[in-house]
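Chemist: Sharing a model prediction with you, sequence too.
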Amino acid sequence: MCKNPRDAQRASKDPLTVWIIRVWEELAPEGEEPLEWVLLTSVPTTTLEQAWERVDWYRQRWLVEDYHQCLKSGCRIEERQLQTVDGLMRLLGLLSPLAVRLLQVRAYARSQPERLAHEVIEPLALAILAERSGQSPATMTVGTFWTEVTRLGGYLARRHDGPAGWRTIWKGWFSLQTLLEGVHLAFHLRL
């Protein structure tokens, strides 16, 4: 049995059955070259409906890439140096929901920055960040919430700065979670 997937691929001499889907842009914007994708899939594709479903899957590739980037750069999963597949699976079980949540909040901040944060952010996290930044949780927007999270991670949020990277986002989110933990502990101390 091969433990490394690359060894398994090299060991297999059987041909791989694939379906090819070609998609092209018929009406490209003026002055632009039309887009064309040639997709290979191992998923049986024999109807037009199935082909469009595979194309829709492919359209999600950037989100999938971003998810992996969040795990790799933000959560630093590669630096954990786990020795077993079981350990890696357990760590992914902990970090995957976090990566998904960060992607969700970032997506809200980009697509609906003026949406009220209390509609999508947990009340205590919102209250803590609003208090720390001198704002009202009732009127704080998702865009402002996201900017404040990234500022906790060291992002300067100047006018010409690009978007915060995953390491900065992760540091900011971790700082917010640390503040949340402190508040939870304070509730239970009964000083």
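Modeler: Nice, I can see it.

Chemist: just for the chain, where's the confidence low?
Modeler: 1-12, 191 (pLDDT under 70).

Chemist: what about 90?
Modeler: Across the chain, the ranges flagged by pLDDT under 90 are 1-16, 71-89, 91, 94, 186-191.

Chemist: Residue 73 is in contact with residue 168, isn't it?
Modeler: No - using CB atoms under 8 Å, residue 73 makes no contact with residue 168, being 9.7 Å away. Every residue, glycine included, has its C-beta placed from N, CA and C.

Chemist: Neighbour count for those two, which is higher?
Modeler: residue 168 (20 against 16; other CB atoms under 10 Å).

Chemist: Assess the claim that that one and residue 155 are in contact.
Modeler: Yes - the criterion here is CB under 8 Å, and residue 168 meets it with residue 155 at 4.9 Å.

Chemist: Domain map for the chain?
Modeler: What automatic domain parsing lists as the domains of the chain is 17-59, 62-189.

Chemist: any idea how far the nearest residue to residue 24 once chain neighbours are set aside lies from residue 45?
Modeler: Nearest non-adjacent residue to residue 24, counting by CB to CB, 6 or more residues apart in numbering: residue 36, 4.3 Å away. Applying CB to CB, to the nearest Å, the value for residue 36 to residue 45 is 18 Å.

Chemist: So between those two, which is more surrounded?
Modeler: When residue 36 and residue 45 are compared for neighbours, residue 45 comes out ahead with 19 against 10, by other CB under 10 Å.

Chemist: surely the more buried one meets residue 52?
Modeler: No - if you go by CB under 8 Å, residue 45 and residue 52 don't touch, sitting 9.7 Å apart.

Chemist: Scan the chain for its longest helix.
Modeler: Counting residues, the longest helix in the chain under DSSP state H turns out to be helix 85-111.

Chemist: Helices along the chain, start to end?
Modeler: 5-11, 48-59, 61-69, 85-111, 123-133, 142-152, 166-189.

Chemist: pretty sure the residue nearest to residue 24 contacts residue 22?
Modeler: Yes - if you go by CB under 8 Å, residue 36 and residue 22 touch, sitting 7.2 Å apart.

Chemist: Which stretch among the helices of the chain is buried most, on average?
Modeler: helix 142-152 (a mean of 22; mean count of other CB atoms under 10 Å).
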